[in-house]
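Q: predicted model follows, preceded by the sequence.
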Amino acid sequence: MTFNGWVQIALYCVLVTLFVKPFGIYMAEVFSGGRTVLSPVLRPLERGIYAVAGVNKKNEQHWVTYVVAMLLFSIAGFASLYALQRFQAVLPFNPQGQSAVEESLAFNTAVSFVTNTNWQSYGGEATMSYLTQMAGLTVHNFASAATGIALAIALIRGFARRSAKTVGNFWVDLTRCTLYILLPLSIVVALVLVALGLPQNLGAYTEATTLEGAKQLIAQGPVASQLAIKQLGTNGGGFFNVNSAHPFENPSAITNLIEMWSILAISAALTYTFGRMVGNTRQGWAVFAVMGVLFLAGLVPCYWAESQGNPAFAAFNVDSTPSPLQSGGNMEGKEVRFGIANSTIWATATTDASNGSVNSMHDSYTPLGGMVPMVNIMLGEIIFGGVGSGIYGMLLFAILAVFIAGLMVGRTPEYLGKKIEAKEVKMAMLAILILPLSILGFTALAVVIAPGLAGMSNAGPHGFSEVLYGYTSATGNNGSAFAGLSANTLFYNVTLGLAMIIGRFIMIVPALAIAGSLAAKRIVPPSSGTFPTHGASLRRPARRRHPDRRRSHLLPGPRPRPAGRAFGDAGRHALLIRERSHGNAS
């Protein structure tokens, strides 16, 4: 651990935090249909898309209709991507003559990119044509990310609305997210990355002669455009087999910082979008603070563990101390141009988000260092999480926490003015418990049958960790791997694909059911019986303002009656009942 390493960590945290409020406000305006700086350019294009698609943006959907639209969109995406892989040999933009992708691998890859997992059981430069990379993988990087954000916005509307039957329009949310958020950011980041050395072309691979006289084929292609959305959309699927450890995907410390920032930029800003849309930005900052604390709780021990080096090398008198001549620590599986600090920041961020890209090999981490990425995913990737999936995953935990804590201390189970009742708790439990069921179930199967054991490159506990990490990554829609599991087999392609489907859709449906249930409820003004959730203290919460009435005291009509000084409405009502039961009421 060095001073320079701590400075890099601090710089990264500051850059992510600075982007939260301005972009959070921007996204809130986008999804509320407000005017933004890009509206003069993009609004006509948005209207044109609705006209061609036959979408009326004023027609909102019930949560069931919203779910059906999302599922149909995902099924269509899966079918198109599967077909593109199977027919890529006879399609254009295939200068290397890549053959058709094998059936089980095509299934696994199509599911992977549709579910925003981007698990790769293949080497991109040796398997996929340029057309598949661009029209298949890159397009679904946009589509799956926009789907995740749209679902998060639908859940946020559930908290923000009162006595409503709808949660928005999936097609409108999908279009606005792609046009106003993902595309502009991706264009800017891609151009910056091209300027910093990333390839962006459609030429054939270059044959070079090494200093030893051997022939080497240097892969290239439309790299920068795919890499930008891969990071911003928390997709993570690399153009090359070694992902962001490859110098064509990540050539320098500057590109490394930009790409690491891109992993958490949108997910972190969505916390402020949440606070803005529900009319209580303190709630958004509270969620961001919890995520930030958990992020550092993983990053610090991971950085410490990797900085100590491999204890097994001590017997060979290997010096792991940092010095002007060496970085020290455990550099196995890490790129020298990034070092330990940037490698551990990336490993923590990519598993806090459902990103899955890597700039170092997690299989080579120390036991404690390797445990951090695995635990991050097992938590459900609620620490910022994927674009959209992180915020709605954290809100599911918030619902359970408020319900349990409120009952324990005698407070009303409410969150943002909505009563938390049995239906919401059941749906939240279903969404959360499906993750360990899938992870443990598939892992148990894989380690007791021959096809599963055949994929382990290491025996004993580390081999078990490879399998456990694989199903954890698939179910959590992360996509990273321990890099020691041989997963391109019929067994792993199918079971990992099923785990991705379970982790994506069986969590989404209960979340949207909660959104529909909450949207139909009235918003109850906070009282002294309400459990505060906007900070660390248990002080009485400030009165919540509706997002459309931020200056409600200036509007005509009766103002809400304040709670009683001693007990509030809930306490005064309970006291009256108790007095009547003793015959003391007049």
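A: Structure received. What you are looking at is a predicted structure, and each value in this text was computed from that prediction instead of being measured.
Q: residue 61 is in contact with residue 172, correct?
A: No - Residue 172 is beyond contact range of residue 61, at 9.4 Å (criterion: CB atoms under 8 Å). C-betas here are computed from N, CA, C, even on glycine.
Q: helices and strands around the host helix or strand of residue 47, which ones?
A: Applying DSSP states H and E as the criterion places residue 47 in helix 39-53. Judged by 3 or more CB pairs under 8 Å, 6 or more residues apart in numbering; DSSP states H and E, the packing partners of helix 39-53 are helix 170-176.
Q: for the helix it packs on, C-alpha coordinates in PDB please.
A: Once non-C-alpha atoms are left out, helix 170-176 reads as follows in PDB (Å, rounded to 0.1, in the frame of the first residue of the first chain):
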ATOM      1  CA  PHE A 170     -41.800   0.800 -21.500                       C
ATOM      2  CA  TRP A 171     -41.300   1.800 -25.200                       C
ATOM      3  CA  VAL A 172     -41.000   5.500 -24.300                       C
ATOM      4  CA  ASP A 173     -38.600   4.900 -21.400                       C
ATOM      5  CA  LEU A 174     -36.500   2.600 -23.600                       C
ATOM      6  CA  THR A 175     -36.300   5.200 -26.400                       C
ATOM      7  CA  ARG A 176     -35.500   8.100 -24.200                       C
END
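Q: mind giving me the packing neighbours of it?
A: Secondary-structure packing of helix 170-176 (3+ CB pairs under 8 Å, 6+ apart): helix 3-31, helix 39-53, helix 63-86, helix 139-160.
Q: same list (the ones you listed) but as a markdown table, adding distance to residue 104 and mean neighbour count.
A: Listed next are the helices and strands packed on helix 170-176 as a markdown table, based on distance: least, CB to CB, whole Å; neighbours: other CB atoms under 10 Å:
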| stretch | distance to residue 104 | mean neighbour count |
| --- | --- | --- |
| helix 3-31 | 38 | 17 |
| helix 39-53 | 33 | 12 |
| helix 63-86 | 11 | 18 |
| helix 139-160 | 19 | 27 |
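Q: out of those helices, nearest to residue 373?
A: Of all the helices and strands packed on helix 170-176, it is helix 3-31 that lies closest to residue 373, at 16.3 Å by CB to CB.
Q: where along the stretch 301-450 of the chain do the strands fall?
A: Taking DSSP state E, counting those that start in this stretch as the test, the strands found in the stretch 301-450 of the chain are 414-415, 418-419.
Q: which among those strands is found nearest to residue 443?
A: strand 414-415 (33.5 Å).
Q: now the helix holding residue 47 against helix 3-31, angle please.
A: Using axes from the mean of the first three to the mean of the last three CA atoms, to 10 degrees, the direction of helix 39-53 lies 60 degrees away from that of helix 3-31.
Q: contacting residues around helix 39-53?
A: Contact partners of helix 39-53, identified using CB atoms under 8 Å, 6 or more residues apart in numbering, comprise 55-57, 171-172, 175-176, 179-180.
Q: can you get me a residue count around the residue lying closest to residue 446 once chain neighbours are set aside?
A: Nearest residue to residue 446, sequence neighbours excluded (CB to CB, 6 or more residues apart in numbering): residue 452, at 3.1 Å. Residue 452 sits with 21 neighbouring residues when counted by other CB atoms under 10 Å.
Q: you'd agree residue 452 is up against residue 467?
A: Yes - assessed by CB under 8 Å, residue 452 is found in contact with residue 467 at 6.8 Å.
Q: now do the shared contacts for the two.
A: In contact with both residue 452 and residue 467: residue 446, using CB under 8 Å, 6+ apart.
Q: picking that back up, tabulate the strands of the stretch 301-450 of the chain (TSV), appending distance to residue 477.
A: Shown next, in TSV, are those (distance: least, CB to CB, whole Å):
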stretch	distance to residue 477
strand 414-415	25
strand 418-419	27
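Q: so what's the predicted local confidence for the residue nearest to the spatial centre of the chain?
A: Centroid-nearest residue in the chain: residue 386, 0.6 Å away (criterion: CA atoms, centre = their mean). Predicted confidence (pLDDT) for residue 386: 75.
Q: what's the distance between it and residue 287?
A: For residue 386, the distance to residue 287 equals 15 Å [CB to CB, to the nearest Å].
Q: residues in contact with the residue nearest to residue 272 when sequence neighbours are not counted?
A: Spatially, and ignoring its direct neighbours in sequence, residue 272 is nearest to residue 24 (2.7 Å; CB to CB, 6+ apart). Listed by CB under 8 Å, 6+ apart, the contact set of residue 24 reads 269-273, 275-276, 284.
Q: now those residues as a markdown table including neighbour count, secondary structure and pLDDT?
A: Below are those laid out as a markdown table (neighbours: other CB atoms under 10 Å; DSSP: H, G, I helix; E, B strand; the rest coil; pLDDT from 0 to 100):
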| residue | neighbour count | secondary structure | pLDDT |
| --- | --- | --- | --- |
| 269 | 27 | helix | 93 |
| 270 | 31 | helix | 92 |
| 271 | 27 | helix | 91 |
| 272 | 25 | helix | 93 |
| 273 | 28 | helix | 93 |
| 275 | 25 | helix | 90 |
| 276 | 24 | helix | 91 |
| 284 | 26 | helix | 88 |
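Q: closest one to residue 85 out of those residues, please.
A: Distance ranking of the contacts of residue 24 against residue 85, using CB to CB, places residue 270 first at 31.6 Å.
Q: got a list of what the closest residue to the closest one other than its chain neighbours touches?
A: Leaving aside its sequence neighbours, residue 270 sits nearest to residue 391 (CB to CB, 6+ apart; 4.7 Å). By CB under 8 Å, 6+ apart, the contact list for residue 391 reads 152, 155-156, 267, 270-271, 274, 287, 385.
Q: ok, now with 7 Å
A: Residues in contact with residue 391 (CB atoms under 7 Å, 6 or more residues apart in numbering) are 152, 270-271, 274, 385.
Q: also residue 357?
A: By CB under 7 Å, 6+ apart, the contact set of residue 357 is 230-231, 236, 238, 243-244, 350.
Q: with residue 509 instead?
A: By CB under 7 Å, 6+ apart, residue 509 lies in contact with residue 67.
Q: assign it to helix, strand or coil.
A: helix (DSSP: H, G, I helix; E, B strand; the rest coil).
Q: now it: how far from residue 155?
A: Counting by CB to CB - residue 509 and residue 155 are separated by 12 Å.
Q: about what we covered before: check contacts around the residue nearest to the centre of the chain.
A: Under the criterion of CB under 7 Å, 6+ apart, the neighbours of residue 386 are 116, 148, 234, 267, 353-354, 477.
Q: go again with 8 Å.
A: 116, 145, 148, 234, 267, 353-355, 477.
Q: could you report the pLDDT at the closest residue to it other than its chain neighbours?
A: Spatial nearest neighbour of residue 386, excluding adjacent residues (CB to CB, 6+ apart): residue 354 at 3.3 Å. Listed pLDDT for residue 354 reads 84.
Q: quick check: residue 354 vs residue 109, distance?
A: From residue 354 across to residue 109, the span is 17 Å (CB to CB).
Q: between these two, who's got more neighbours?
A: The neighbour comparison of residue 354 against residue 109 (other CB under 10 Å) goes to residue 354, with 37 against 29.
Q: report the rounded mean pLDDT for stretch 66-75.
A: pLDDT averaged over stretch 66-75 gives 93.
Q: let me fix that: stretch 323-339
A: Across stretch 323-339, pLDDT averages out at 84.
Q: same thing with stretch 406-426?
A: What stretch 406-426 shows for mean pLDDT is 79.
Q: tell me the buried residues in it?
A: By 16 or more other CB atoms under 10 Å, the buried positions in stretch 406-426 come out as 406, 411-418, 420, 424-425.
Q: so residue 216: helix, strand or coil?
A: From three-state DSSP, the assignment for residue 216 is strand.
Q: typo on my end, it should be residue 240
A: Following three-state DSSP, residue 240 is assigned to coil.
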